[in-house]
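Trainee: show me how the following folds:
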Amino acid sequence: MNIYEKYVLPRLINLVMQSKADTAERAKLIPQASGTVLEVGIGSALNVPFYDARVKRLCGVDPSRELWQLGRKRVRKAPFPVVFLAASGEQIPLEDMSVDTVVSTWTLCTIPDPVKALEEMRRILKTGGRLLFVEHGRSPDPGVLAWQNRLNRVWGRVAGGCNLNRKIDDLVVQAGFRVREIERGYASGPKPFVYLYKGQAERPR
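Mentor: Next comes the predicted model:
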């Protein structure tokens, strides 16, 4: 890990992900979580203020200790226990069927093997448990997709491995989830970066 990845990138991510548009999406999605919650890619804990009293315990998985340190003040204000697990999404250190809700926000773009990570999320969810997600990814518009494909390699180097062109809904289904609700569309900003997949899926009974 070089100096940029260790010191500069975490601070850039923490700053950029506090945009007004992203905050509005968090405010709509996160209060749907309940019970024992796992957040994959918890980063600097930007979602933590939006969880409500229905959450009993929050486990946050992220490989970046640097990002986690940036979120300490948010975590201290949480009215429920928060446990940080320094791990990747592909190897979640929790027991099978031990979680009620999994949350993933702007995370699947960066995980090297997103299907493996989603399979891990399904493994630790209780039967009927829910995956709540907001992710950016592949646009259905050929012109925008062409730009996503052109920019993807360079963008990944600058943005910590982020991919612009992953088709999130297909990945969720491929990992064995049943999609219950999904909304697709552009947020505000340059179109190659802001095509969103928003919704929830469940571990089938």
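Trainee: quick one, strands of the chain?
Mentor: 35-40, 55-61, 82-85, 99-105, 125-136, 178-186, 195-202 (DSSP state E).
Trainee: output the contacting helices and strands for the fourth one.
Mentor: Strand 99-105 makes packing contacts with helix 20-29, strand 35-40, helix 114-124, strand 125-136 when contacts are defined by 3 or more C-beta pairs under 8 Å, 6 or more residues apart in numbering; DSSP states H and E. Quick note: C-beta positions are derived from backbone N, CA and C, even for glycine.
Trainee: do you know how far residue 170 is from residue 2?
Mentor: Note on residue 170: its distance to residue 2, by C-beta to C-beta, to the nearest Å, is 33 Å.
Trainee: have a look at those two and say which one is more surrounded.
Mentor: Higher neighbour count among residue 170 and residue 2: residue 170, with 13 against 8, using other C-beta atoms under 10 Å.
Trainee: what sits against residue 117?
Mentor: 40, 88-90, 92, 108, 111 (C-beta atoms under 8 Å, 6 or more residues apart in numbering).
Trainee: at 7 Å what do you get?
Mentor: Taking C-beta atoms under 7 Å, 6 or more residues apart in numbering, we find residue 117 in contact with 40, 89-90, 111.
Trainee: how about the longest helix seen in the chain: buried residues?
Mentor: Longest helix in the chain by number of residues (criterion: DSSP state H): helix 142-158. Within helix 142-158, the residues scored as buried using 16 or more other C-beta atoms under 10 Å are 144-145, 147-148, 151-152, 155.
Trainee: now it and strand 178-186, what's the angle there?
Mentor: Angle between the axes of helix 142-158 and strand 178-186 is 100 degrees (criterion: axes from the mean of the first three to the mean of the last three C-alpha atoms, to 10 degrees).
Trainee: tell me the angle of helix 142-158 relative to strand 195-202?
Mentor: Counting by the same axes, to 10 degrees, helix 142-158 lies at 80 degrees to strand 195-202.
Trainee: just the CA trace of helix 142-158, in PDB.
Mentor: Taking Å, rounded to 0.1, in the frame of the first residue of the first chain, the C-alpha atoms of helix 142-158 are listed here in PDB:
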ATOM      1  CA  PRO A 142     -24.900   2.500 -24.900                       C
ATOM      2  CA  GLY A 143     -23.200   5.900 -25.100                       C
ATOM      3  CA  VAL A 144     -22.800   6.100 -21.300                       C
ATOM      4  CA  LEU A 145     -21.600   2.500 -21.000                       C
ATOM      5  CA  ALA A 146     -19.000   3.100 -23.700                       C
ATOM      6  CA  TRP A 147     -17.600   5.900 -21.500                       C
ATOM      7  CA  GLN A 148     -17.700   3.700 -18.400                       C
ATOM      8  CA  ASN A 149     -15.700   1.000 -20.200                       C
ATOM      9  CA  ARG A 150     -13.200   3.600 -21.500                       C
ATOM     10  CA  LEU A 151     -12.700   5.200 -18.100                       C
ATOM     11  CA  ASN A 152     -12.900   2.100 -15.900                       C
ATOM     12  CA  ARG A 153      -9.200   1.100 -15.700                       C
ATOM     13  CA  VAL A 154      -7.900   4.600 -15.100                       C
ATOM     14  CA  TRP A 155     -10.700   5.400 -12.600                       C
ATOM     15  CA  GLY A 156     -10.000   2.200 -10.700                       C
ATOM     16  CA  ARG A 157      -6.400   3.300 -10.200                       C
ATOM     17  CA  VAL A 158      -7.400   6.700  -8.800                       C
END
